[in-house]
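S.K.: The following block contains a protein sequence and its predicted model.
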Amino acid sequence: MSESGGTGQLLVHAGTFAALGPGGDITGTRGRSPDGLFVRDGRHLSRWRLLVDGAVPEVLTPGGSAGGAAVLAREGTRDEPAAYVVFRRQALYGGTLTEHTRVTSNVAYDTTLTLVLEADADFADQFELRSDRRTYPKPGAARTVAVTADEVTFHYRRSGWHSATTVSARPAPDEVRALGPTGRALVWRLVLPAHGEAELAVTVTARPHGTPATRAPGPATPEAVAHRVRREEADIRRDDLPVLPGGTGGANGTDGVLRDACAQGLADLAGLLVPARGPDGEPVSPPGAGVPWFLTLFGRDSLLTSFFALPYRPALARATLLALAATQATRYEPERVAQPGKIVHEVRHGELAHFGQVPYGRYYGSVDSTPLFLALLHAYTAHTGDPSVARRLEPQARAAVAWLLGDGGLGGRGYLVYEADEAGLLNQNWKDSAGAVCRADGTQLTGAVAVAEAQGYAYDALRGSAALAREVWHDAARAAELDALAADLRERFHRDFLMRETGFPALALDGGTGAHEPGKIRTDGPGRADVLASDAGHLLWSGILDQDTGERVGRRLTEEDFFSGWGIRTLAAGQRPYHPLSYHRGSVWPHDTAVAVLGMARYGLHREAAKVTAGLLAASEHFGHRLPEVYSGHARPETGVPGGPVPYPHANSPQAWAAATPLALLTAARAGRPGS
């Protein structure tokens, strides 16, 4: 996938991305939008700057999609325009960035110029580049450079860790100059005949630690690379989505926008696929979570993305299930929050994870990945009619059910629970930022925490696993047991989570520190997170609520304090913890809203679902049909701008479950249209 915008270009393919300036440069930025060539959580190119006759040329046309060239020129005047123009085309395939530069003379006489390409690789781990300004010691780390006639290789070594980046050029540069401690400047002195041209081909190959030192042969030009990428992505991108009944106008006139958003979402999903392995070591390509921070396998994100895409691209669900089965925990590892049967939260390949300086190398701090895995396994089997994956993954599924009932807390504590991991994630549901799971007064929950939506997922997982036990594994006794457990959970949930004063479900219950039996979840007032939160929409999607409660909750989510006009806020406005530009306490997450829309359709609230869908699609238009991970909770009238929603500064975009959100909206719309 390649994309251009007003501030730069983004190339994404197979777990690698290159964030470039409009003209194709890299400056080594940090913070919310770092640039560079990134592979396996490391930056393999931190400086990449083209100079013509000692100056950075002006960008006449930024680099475009599908290998489109950036057009550059030295600054000129009206009477003395630039004597030559530079066409710079770049493309990405796996860990290789291919660049082709063509310099074209504009004048009827011979000219000479000096072209310089500055390069460096800082090999920074992505966790170092974030805005939190954390630093990590790296004892023994060293960066070196090796230069040959036509190659420059940057090396990074630390206690057995070795990463490298090789820059190769054709023709070879006339000179390679030192540029600071490790940077190098490749210099070409070019002679252009009258109205003639000169061409350079440069390839940057990243070799992260643990990958082969040899480079696989590939297409030699950016055009060929772009063609190869499009061919690989064709199966995801194909235009075969169902047409909604009633013509192209449709309810609220949103059908055309929905199709555009679906097309953009599929294109983004194609680029976000990451390489992984199945249980037998076979290669699979599940969706990674997003760019720039999460282009890797994520349990919750990959699962929900696959749920949204299931009716249209079931292969994503199959790849996700196999990749997560292969990484399922088999033993207790407290530092990873791992327990037998638990499904992974995220997998990291970077230097800091390798040396244990961050806990996320293979991290299991997620209360919901395991039930979502079980629910998706059943949904995939039911949708495709293919029981082979459920048969193959029966041992992993049974282990996951055992985790739900054992270490997950469902059997002993009565609910699926997590406890804060001080070295990793304090909150381990989808609202995993610190402070996200709170009471209406803003205070945080303590002890074992049972978040509402995880109980809905557990209910769905139990029912789905019961169906698999009955129909695929031929275990009627286990099926009856799981059905009974699901019914009991549903009954207790209505008793313990629904708040009498509002009829709305609490965000969570906790174990706290009060006078109660140790290890149990409190169901009294002090044990409730009584804040009004969007997680209730997930309860509609899972089906744990009875019909009357579901209808009441669904309608409540469309009232003005929840529905901003652009989507459903994570916390209803007007409450003390509400902040429209927070990560999880008042912002709008498209996937979160889409889950609620699917839930509304499930409970027959099609008018409400259409209203919220129209708001999300209006937002997508303002983001060029690419919904970001999250945007602000400001209401449409509050923005003071006729345009769109207020962006969230640190949002990932593209992001997988946001990319799949239009597919979920399509599913809900089809459920509400006769004849679908």
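M.R.: Thanks, I have it. Residues are numbered from 1 along each chain as shown.
S.K.: quick one: Tyr363 from Thr327, how far?
M.R.: Taking Cβ to Cβ, to the nearest Å as the measure, Tyr363 falls 10 Å from Thr327. Bear in mind the C-beta positions are built from the backbone N, C-alpha and C, glycine included.
S.K.: Give me the common contacts of the two.
M.R.: Shared contacts of Tyr363 and Thr327, defined by Cβ atoms under 8 Å, 6 or more residues apart in numbering, are found at Val344, Val347.
S.K.: who's more crowded, these two?
M.R.: Taking Tyr363 and Thr327 together and counting by other Cβ atoms under 10 Å, Tyr363 has the greater number of neighbours (25 against 19).
S.K.: Run through the bridge partners of the more buried one.
M.R.: According to DSSP bridges, the residues that bridge with Tyr363 are Glu346.
S.K.: measure the most far-flung residue of the chain relative to its centre to Ala83 for me?
M.R.: Seen from the C-alpha centroid of the chain, the residue lying at the greatest distance (Cα atoms, centre = their mean) is Tyr109, 52.1 Å away. Counting by Cβ to Cβ, the gap between Tyr109 and Ala83 amounts to 9 Å.
S.K.: His383 too?
M.R.: According to Cβ to Cβ, His383 stands 61 Å off from Ala83.
S.K.: Between these two, which is the more surrounded one?
M.R.: Of the pair His383 and Ala83, Ala83 is the one with more neighbours under other Cβ under 10 Å, namely 16 against 12.
S.K.: residues contacting that one?
M.R.: For Ala83, the contact set (Cβ under 8 Å, 6+ apart) comprises Arg74, Gly76, Ser105, Asn106, Val107, Thr111.
S.K.: biggest helix in the protein, by residue count?
M.R.: Assignment by DSSP state H gives helix 476-497 as the longest helix of the chain.
S.K.: Within the sheet, what are the partner strands of the helix or strand following it, with directions?
M.R.: The first helix or strand that comes after helix 476-497 along the chain, using DSSP states H and E, is strand 508-510. Strand 508-510 has these partner strands in its sheet, going by DSSP bridges: strand 449-451 (antiparallel), strand 528-529 (antiparallel).
S.K.: quick one: average confidence on the shortest one?
M.R.: Per-region confidence: strand 528-529 scores 90 on mean pLDDT.
S.K.: Double-check that Ala353 belongs to a helix.
M.R.: Yes: according to DSSP: H, G, I helix; E, B strand; the rest coil, the state of Ala353 is that of a helix.
S.K.: neighbours of it, just the number please.
M.R.: The burial count for Ala353: 22, using other Cβ under 10 Å.
S.K.: ok, it to Phe298 distance?
M.R.: 14 Å.
S.K.: Gly633 now?
M.R.: Separation of Gly633 from Phe298 (Cβ to Cβ): 24 Å.
S.K.: which non-adjacent residue is nearest His625?
M.R.: Once flanking residues are discounted, His625 sits nearest to Gln264: 4.1 Å by Cβ to Cβ, 6 or more residues apart in numbering.
S.K.: Leu372 too?
M.R.: Setting aside the residues directly before and after it, Leu372 is nearest to Leu303 in space (Cβ to Cβ, 6+ apart), at 4.2 Å.
S.K.: now swap in Gly23 and tell me
M.R.: Leaving aside its sequence neighbours, Gly23 sits nearest to Val59 (Cβ to Cβ, 6+ apart; 4.3 Å).
S.K.: The one you found: what secondary structure?
M.R.: strand.
S.K.: Would you list the phi and psi of Leu129?
M.R.: phi -90, psi 0 (degrees, to the nearest 10).
S.K.: What of Arg569?
M.R.: According to degrees, to the nearest 10, Arg569 has phi -70, psi 150.
S.K.: Val451 versus the closest residue to it other than its chain neighbours, what's the distance?
M.R.: Counting by Cβ to Cβ, 6+ apart, Gly633 is the residue found nearest to Arg569 once chain neighbours are left out, at 4.3 Å. From Gly633 across to Val451, the span is 20 Å (Cβ to Cβ).
S.K.: and what of Gly411?
M.R.: Gly411 is 18 Å from Val451, by Cβ to Cβ.
S.K.: Which one of the two is surrounded by more residues?
M.R.: Ranked by neighbour count (other Cβ under 10 Å), Gly411 and Val451 place Val451 first, with 31 against 12.
S.K.: For the more buried one, give me its contacts.
M.R.: Counting by Cβ under 8 Å, 6+ apart, Val451 has contacts Val367, Tyr418, Asn429, Lys431, Val437, Leu507, Ala508, Asp535.
S.K.: quick check, nearest of those to Ala484?
M.R.: Val367 (22.6 Å; Cβ to Cβ).
S.K.: Buried by neighbour count: which residues of stretch 437-446 qualify?
M.R.: By neighbour count with 16 or more other Cβ atoms under 10 Å, stretch 437-446 contains the buried residues Val437, Cys438, Arg439, Ala440, Gln444, Leu445.
S.K.: The closest residue to Thr111 other than its chain neighbours: how many residues sit nearby?
M.R.: Nearest residue to Thr111, sequence neighbours excluded (Cβ to Cβ, 6+ apart): Leu192, at 4.8 Å. The number of residues packed near Leu192 is 20, by other Cβ under 10 Å.
S.K.: Now do the contacts for Leu192.
M.R.: Leu192 touches Tyr84, Val103, Thr104, Ser105, Asp110, Thr111, Thr112, Leu113, Ala198, counting by Cβ under 8 Å, 6+ apart.
S.K.: When you filter those down to buried only, what's left?
M.R.: Applying 16+ other Cβ under 10 Å to the contacts of Leu192 flags Tyr84, Val103, Thr104, Ser105, Thr111, Leu113, Ala198 as buried.
S.K.: Before we go further, the second one is sitting in a helix, right?
M.R.: What it means is Val103. No: counting by three-state DSSP, Val103 is located in no helix; its state is strand.
S.K.: what about it, distance to Thr221?
M.R.: 16 Å.
S.K.: Go over the secondary structure and confirm Leu51 is in a strand.
M.R.: Yes: the assignment for Leu51 is a strand, going by three-state DSSP.
S.K.: Isn't it up against Leu113?
M.R.: No: when contacts are counted by Cβ atoms under 8 Å, Leu51 is not listed as touching Leu113 (10.3 Å).
S.K.: So which bits of stretch 645-663 are buried?
M.R.: 645-646, 648, 651-663.
S.K.: what do you get for stretch 401-413?
M.R.: Result for stretch 401-413 [16+ other Cβ under 10 Å]: buried residues Val401, Trp403, Leu404, Leu405, Asp407, Gly408, Gly409, Leu410, Arg413.
S.K.: From one end of that stretch to the other, what's the distance?
M.R.: Chord length of stretch 401-413, first to last residue, is 15 Å (Cα to Cα, to the nearest Å).
S.K.: and it, average pLDDT?
M.R.: Across stretch 401-413, pLDDT averages out at 96.
S.K.: How about residues contacting it?
M.R.: 339-342, 367, 370-371, 374, 415-417, 448, 450, 458, 461-462, 465, 482, 485, 489, 511, 519-521.
S.K.: Quick one: which of the contacts of Ala83 has the lowest pLDDT value?
M.R.: Within the set of these, pLDDT is lowest for Gly76 (75).
S.K.: Now for that one, how many residues are close by?
M.R.: Counted with other Cβ under 10 Å, residues neighbouring Gly76 total 12.
S.K.: Noted, bye for now.
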